[in-house]
Structure formats: C-alpha cells, structure tokens
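J.: structure, please.
(2 chains)
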2 protein chains.
Amino acid sequence: MTHAPLPMAADDSERCDAARNRRLLLDAAIGLVDERGADSVTMDAVAARAGVGKGTVFRRFGNRAGLMFALLDHTETELQQAFLFGPPPLGPGAPPLDRLVAFGRARLDLVAVQGEVLRAAENSPVSRFSAPAHAVGLTHVSTLLRQIGVSGDVTLLAYALLAPLEATLVLHLQRDAGMTTERLADGWEDLARRIASA
Amino acid sequence: MTHAPLPMAADDSERCDAARNRRLLLDAAIGLVDERGADSVTMDAVAARAGVGKGTVFRRFGNRAGLMFALLDHTETELQQAFLFGPPPLGPGAPPLDRLVAFGRARLDLVAVQGEVLRAAENSPVSRFSAPAHAVGLTHVSTLLRQIGVSGDVTLLAYALLAPLEATLVLHLQRDAGMTTERLADGWEDLARRIASA
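T.: Predicted coordinates:
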C-alpha cells in the first residue's frame, strides 16, 4: 500500500527548520568542547560558530544550563545508538564480554571529550542516578553480564562497573592523579574481566 | 626521667572547656542524625539538645555547613581509628581479605546513619576525591589488596572498590531502588572477593 506524500503544512516546515537549527547549534557546541573545552561553550560562542544571532541560541535552549543539558542528551543518545544498534564489538554481534569491554572504552572516550558536561550533570544529586541515560547504561551492562553467565547480584555488579566510569572520578584521576585514558581503560577492562570470570 | 605536672594555666583550662563543649555539641548533632535524619540538624536543635545557648553553637561552628563538616570529620576519624587501630576483623590482626570485607560493611553502616552529611560533602566536585578521608580509605584498601596478593593496577582496583560505597549511590540504591543495607553489604563483599580472587 502506498501513500501519496502529504502536502507539507507550514507547521511541518517550521518543525524541519527547528530540528535543523537545533542540530546546527549542537554541532557548534560539540566543536567548541572538542577544541577548547566545556568552559568555552557560551551562548555567544555557539552563536558565532554556528553563524546565527545570539537570540536564536537563547530561544532554542533558554540559557547555558539548557544548552549543556541538550548537549549531554545528544551525546548520551549517540552512545546508546552505538551500543544498541551500531557495529560490533560495541554493538550486537560480538561476544558479550567483548561488548562489555568496548562499552567501558566508549564511555571513557566520551568522558575524555565531554567530561565537564557530564560532570555538571552528575553533581546534581537528584538526577545523577535517576537520569534516563544512567538507566539505559545499567540495563545494557546487566544484560551483558547475564549473557556472559555471571551469577550473583547482577544489578549490583552492574552498578559497581558503572561507578568507576563516572565523569567526576575519571576527571579527578586524569587531572589530579595524572592517569591516562589508556590506563583507565585497561584498568576498567581488568575489573570487568575479574567480575566476569569469578 | 619524670616531670612534675605543670600547673594548669587559664589557657589550658579554656582549651579543655572548648574540647568538651565541641564534643558535647557533636554528640547532640549525632543524636539528631540518628533519630531524625540529617535534615533535623539545625543550629537551634543542636543547642536545645546539648542544653546550651544558640550563640555557643554559632561561636563553635560558624554556620550549619561548618557544623556538618565538623560532624563528617568526626565520623570519618572514628572509622579511621577503627580500621587502623581497632580490634579485628576491621583493625589489624585479621587476614587482609576479612579486613577488606569488614571495611566495606563499616563504611556502609556509616552511610546508613550519616548519609546526608556524607552526600553533601561528596557533591562538592572539588573536594570529593581529594578529601583527606578519601585518601586514607584509598591507601587502606590498596594496602589490603597488596597484602592479599592481588596483581595488576591495585590503585585503580582500590578506586573501583570505593566507588560503590559513595553515599550518593548508596542512598539512591536504598531510597529509590529500595535495597537494604544488608543486600548492599553482601553485594560489595562479592565484588571484593571477585577482585581479590582473580
């Protein structure tokens, strides 16, 4: 059964523009984080980089906190897409232990780039563990542990695996303790293998 | 060689009074936390329970944040005394794995009683991992892992063991996820044994 394409109403066209605008602004913000750190993401800087007026950024995100939240949401969604639907070893198709190790590395890479944004979200005590992103990660890690055949309190083991990946701790280890992302990733893989093999 | 006791100067007497007063106020605050939760700890309530004027509490701690910090410091010091110098299995004399398991349980008991206070301190991103209390706990856990004979990146494994004991996560698991302290303690013991046995 085929449908003739519906004529695009003014509403749809506006929604298209809005989505395109939002993506343009988020790309500008991501570029700023990558190149100059999260502190450089101001409403002014995002507007300038995206080549739009400052009013557009304020209309879209309200304030800097709103922009940062949108950025975090976007980044988390991309990671979720990758582990749920992307290519192996992060996505389906690889052995579960390989997928678990890939998840830890992907999460650490994300923190390395956007740590400040994640950290700001984590330090809100109410939302830290009840954020949808945390719930999806928890379900994913629990599922992989069960597929590996890990016995015991799998939910708590999943929490224990996610805790050392939190941006606040990772940033402390990188900045204050001088550890490399590689060392953290190797350490997390070791942790995951110890939990999986017992 | 013996010394005759020095006559007590007015200064010493004042210091004694100050220490006694401080202890009296902290005991009152601990009693309030135990019975009615950290939210109930106000300068007024502490003064009333200790049977002193409100001005005494303000002179001693400055404000509520100062009182909470003193309370946390006192509690952390008590736990440190217990694992460094107290009786086994928490203190010296027991096998290192038994001491490690006892440490996790003692830490969780502390969170159960004074979680709000600990959580308030943890959510200060600067001090969370650089607090002296965290450093002492990290050294203790690292030392026990080495005594057990754990190979690999022992420092990172110690961080991984401490992360699930953080008050913010523990309170979330207890309050939002409805887990008992017993379940958390058993889960942490399982984690410690997996890390130790691999």
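
J.: got the contact list for A:Pro87?
T.: A:Gly93 (C-beta atoms under 8 Å, 6 or more residues apart in numbering or on different chains). In short, each C-beta sits where N, CA and C put it, glycine included.

J.: against A:His140, how distant is it?
T.: For A:Pro87, the distance to A:His140 equals 16 Å [C-beta to C-beta, to the nearest Å].

J.: now A:Pro95
T.: 15 Å.

J.: give me the more crowded residue out of these two.
T.: It is A:His140, of A:Pro95 and A:His140, that has more neighbours when counted by other C-beta atoms under 10 Å in any protein chain shown, with 19 against 13.

J.: the closest residue to that one other than its chain neighbours: helix or strand, and which one exactly?
T.: Excluding the flanking residues, the one nearest A:His140 by C-beta to C-beta, 6 or more residues apart in numbering or on different chains is A:Phe83, at 5.8 Å. Here A:Phe83 sits within helix A:64-85, counting by DSSP states H and E.

J.: mind listing what's buried in that helix?
T.: A:67-72, A:74-76, A:79-80, A:82-83 (16 or more other C-beta atoms under 10 Å in any protein chain shown).

J.: what does stretch A:177-185 give?
T.: A:Met179, A:Thr181, A:Arg183, A:Leu184, A:Ala185.

J.: which outside residues touch that stretch?
T.: Stretch A:177-185 has contacts (C-beta under 8 Å, 6+ apart) with A:Gly104, A:Arg105, A:Leu108, A:Asp109, A:Ala112, A:Val170, A:Leu173, A:Gln174, B:Asp153, B:Leu156.

J.: among those, which ones are buried?
T.: A:Gly104, A:Arg105, A:Leu108, A:Ala112, A:Val170, A:Leu173, A:Gln174, B:Asp153, B:Leu156.

J.: out of these, which comes closest to A:Asn21?
T.: In terms of C-beta to C-beta, no member of those lies closer to A:Asn21 than A:Ala112, at 28.5 Å.

J.: in contact with the most centrally placed residue in chain A: list those residues for me.
T.: By C-alpha atoms, centre = their mean, chain A has its centre lying nearest to A:Glu76, at 2.6 Å. With contact set as C-beta under 8 Å, 6+ apart, A:Glu76 has these partners: A:Ala133, A:Val136.

J.: mind checking pLDDT for it?
T.: With respect to pLDDT, A:Glu76 scores 83.

J.: and A:Glu35, what helix or strand is that in?
T.: Going by DSSP H and E, A:Glu35 is in helix A:10-36.

J.: no no, A:Leu184
T.: Using DSSP H and E, A:Leu184 falls within helix A:181-197.

J.: chain center to that helix: distance?
T.: Between the centre of helix A:181-197 and the centre of its chain there are 20 Å (C-alpha atoms, centre = their mean, to the nearest Å).

J.: angle of that helix against helix B:181-197?
T.: Here helix A:181-197 runs at an angle of 110 degrees relative to helix B:181-197 (axes from the mean of the first three to the mean of the last three C-alpha atoms, to 10 degrees).

J.: what would the buried residues of helix A:64-85 look like in TSV with distance to B:Ala29?
T.: Formatted as TSV, the buried residues of helix A:64-85 follow (distance: C-beta to C-beta, whole Å):
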residue	distance to B:Ala29
A:Leu67	41
A:Met68	36
A:Phe69	36
A:Ala70	42
A:Leu71	41
A:Leu72	37
A:His74	44
A:Thr75	42
A:Glu76	40
A:Leu79	43
A:Gln80	44
A:Ala82	48
A:Phe83	46
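
J.: so what's A:Gly137 up against?
T.: Contacts of A:Gly137 (C-beta under 8 Å, 6+ apart): A:Phe103, A:Arg107, A:Leu162.

J.: quick one, which of those are buried?
T.: Counted by 16+ other C-beta under 10 Å, those give A:Phe103, A:Arg107, A:Leu162 as buried.

J.: pick out the lowest-pLDDT one from those residues.
T.: A:Arg107 (92).

J.: that's a strand at it, yeah?
T.: No. Assigned with DSSP: H, G, I helix; E, B strand; the rest coil, A:Arg107 falls outside any strand and is helix.

J.: returning to that earlier point: any idea how far the helix holding A:Phe83 is from the chain center?
T.: 5 Å.

J.: count the residues that sit near the closest residue to A:Met43 other than its chain neighbours.
T.: Residue nearest to A:Met43 in three dimensions, not counting chain neighbours: A:Val57, with 4.8 Å by C-beta to C-beta, 6+ apart. For A:Val57, the count of nearby residues is 26 (other C-beta under 10 Å).
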